[in-house]
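Novice: Sharing a sequence plus its predicted fold:
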Number of protein chains: 2
Amino acid sequence: MPRPRSLTLDRLAAAALAVIDRDGLAALSMRTVAKELGMSPMGLYRYVSDREELEGLVVDRVLGSVDATPPTPDTPWRERIEIMVGRLRDAVAGHPEAVPLTLAHRHHAAAGLRWSETVLGILTEAGIDGRQRVVALRALHGYVTGAIQLEHLGPLAGEGTAVIAGLPEDRFPHLAETARTAGEVGPDQEFFGGLRLLLRGLDG
Amino acid sequence: MPRPRSLTLDRLAAAALAVIDRDGLAALSMRTVAKELGMSPMGLYRYVSDREELEGLVVDRVLGSVDATPPTPDTPWRERIEIMVGRLRDAVAGHPEAVPLTLAHRHHAAAGLRWSETVLGILTEAGIDGRQRVVALRALHGYVTGAIQLEHLGPLAGEGTAVIAGLPEDRFPHLAETARTAGEVGPDQEFFGGLRLLLRGLDG
DNA sequence: ACCTGAACACCGTTCAAGT
DNA sequence: ACCTGAACACCGTTCAAGT
């Protein structure tokens, strides 16, 4: 006696992300997501073969919200890449608790592929191709992955800077001075400043 | 009736890392580490206040093996930074299963601070200071964090490239071509190629 | 003071059973 | 076919007790 499916993968992903956003990544479990949906934990296994697949759905959902349409070609190509990177950063920033899940698995997500395709298009128009284009995409991918993660390390990161501020100046002179200067640099300057270093290193 | 301590933090960290190296990060638990040491799980709480602190010890241990002494100043400064980054990459590569633990928490570890101090020294000698030095260190930190993680995504990453290779060429033309070219680029070229883009973007 | 064993409140997942 | 409840083998951590 077949019953109709009570769920869609989309609703499942939304429920998991709701748990993460509300109670943190540590609260994510088959059981909490099932409760969020008002069903038994085991019911989820009709839709997803294990927890990892559920996490994949969450990543797809977060990255699916990134606009992958190419920016207007009359803006300089470096700015167009900044726009693409900024969109990714903003989407991820909307779900800070999901960051550890999101970035590392970016290239599995269909949405991540569309983003890469657009960025590669911009690089190509800038005259970058062959191996250099491979290296450039990979470098952007690496920078974006790391830089966004560092931004969202959260209270731990705050702790970190406090530690640095209290370092013995004689053994860590540069670090102590850099920590003082760091206060003048906002998160956007830091993030896009680093990105621009990378872009400046590219020909074209 | 006081008993002598049976453990050192060093032995504890070594045991945890042994579990990770042998059985994977997923196998790490208070219980498995206790078993590794031949004691009760609760015994560990005399040395560490919770699991997170144990993970911190592991990070310290991995990064503690990185040589932070400045390379000889007669090599060009960009090469000296490449050397420093390479040392970090090699140390982490020795414990691939610990990668997710290691990089994000790098700035908590004393060893990470010594690394940063040396890199800042090189940047300073290259004439980079003030806010630009803050941005430069942060960019290097971000790139290294992300790029090393991507390198160690492992079988998943392999899957990823297989997926890309089978993409519909009409919808992902650049990605399909880039995937073909990617085979010609080895991991070292990829990693240091990206790093050099960043370094080229720095003045000096 | 150091360490242990039992216990509590959780996990992910399997399996047999209900509709 | 879809979903549930009980059960299994795990977690991290608290607490009272042993030496």
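Specialist: Cool, the structure landed.
Novice: what about A:Leu195, how many neighbours?
Specialist: 25 (other CB atoms under 10 Å in any protein chain shown). (Glycine included, C-beta is placed from N, CA and C.)
Novice: nearest spatial neighbour of it, skipping sequence neighbours?
Specialist: A:Val85 (5.9 Å; CB to CB, 6 or more residues apart in numbering or on different chains).
Novice: Would you report the backbone torsion angles of the one you found?
Specialist: Note on A:Val85: backbone dihedrals following degrees, to the nearest 10 are phi -70, psi -40.
Novice: residue ranges of the helices in chain A, please?
Specialist: A:9-23, A:30-37, A:51-64, A:77-93, A:99-102, A:110-125, A:130-151, A:155-165, A:173-182, A:187-200 (DSSP state H).
Novice: Need the winner for burial among those helices.
Specialist: Mean neighbour count (mean count of other CB atoms under 10 Å in any protein chain shown) peaks for helix A:130-151 among the helices of chain A, with a mean of 23.
Novice: quick check: angle from that one to helix B:173-182?
Specialist: 100 degrees (axes from the mean of the first three to the mean of the last three CA atoms, to 10 degrees).
Novice: Could you find the closest non-adjacent residue to A:Gly130?
Specialist: B:Thr181 (6.1 Å).
Novice: Out of the helices and strands in chain A, which is least certain?
Specialist: helix A:155-165 (a mean of 58; mean pLDDT, DSSP states H and E).
Novice: who touches the spatially most central residue of chain A in this structure?
Specialist: Centroid-nearest residue in chain A, with CA atoms, centre = their mean: A:Leu103, separated by 4.1 Å. By CB atoms under 8 Å, 6 or more residues apart in numbering or on different chains, A:Leu103 lies in contact with A:Val92, A:Val144, A:Thr145, A:Ile148, A:Gln149, B:Gly146.
Novice: Show me what from chain A comes close to DNA strand C.
Specialist: Applying CB under 7 Å from any atom of the strand, one finds that chain A approaches DNA strand C through A:1, A:3, A:27-32, A:41-42, A:45, A:50-52.
Novice: okay but A:Gly121 is in contact with B:Glu177, surely?
Specialist: No. Contact criterion CB atoms under 8 Å: A:Gly121 and B:Glu177 do not qualify, at 11.2 Å.
Novice: A:Val59 and A:His107 touch, don't they?
Specialist: No. Assessed by CB under 8 Å, A:Val59 is found out of contact with A:His107, at 10.2 Å.
Novice: I'd like to know how far the residue nearest to A:Leu195 sits from DNA strand C.
Specialist: 32 Å (CB to the nearest atom of the strand, to the nearest Å).
Novice: so what pLDDT did that residue get?
Specialist: With respect to pLDDT, A:Val85 scores 98.
Novice: give the contact list for the spatially closest residue to A:His152 that is not a sequence neighbour.
Specialist: Using CB to CB, 6+ apart and skipping the chain neighbours, the partner closest in space to A:His152 is A:Val99 (4.4 Å). For A:Val99, the contact set (CB under 8 Å, 6+ apart) comprises A:Val92, A:Ile148, A:Gln149, A:His152.
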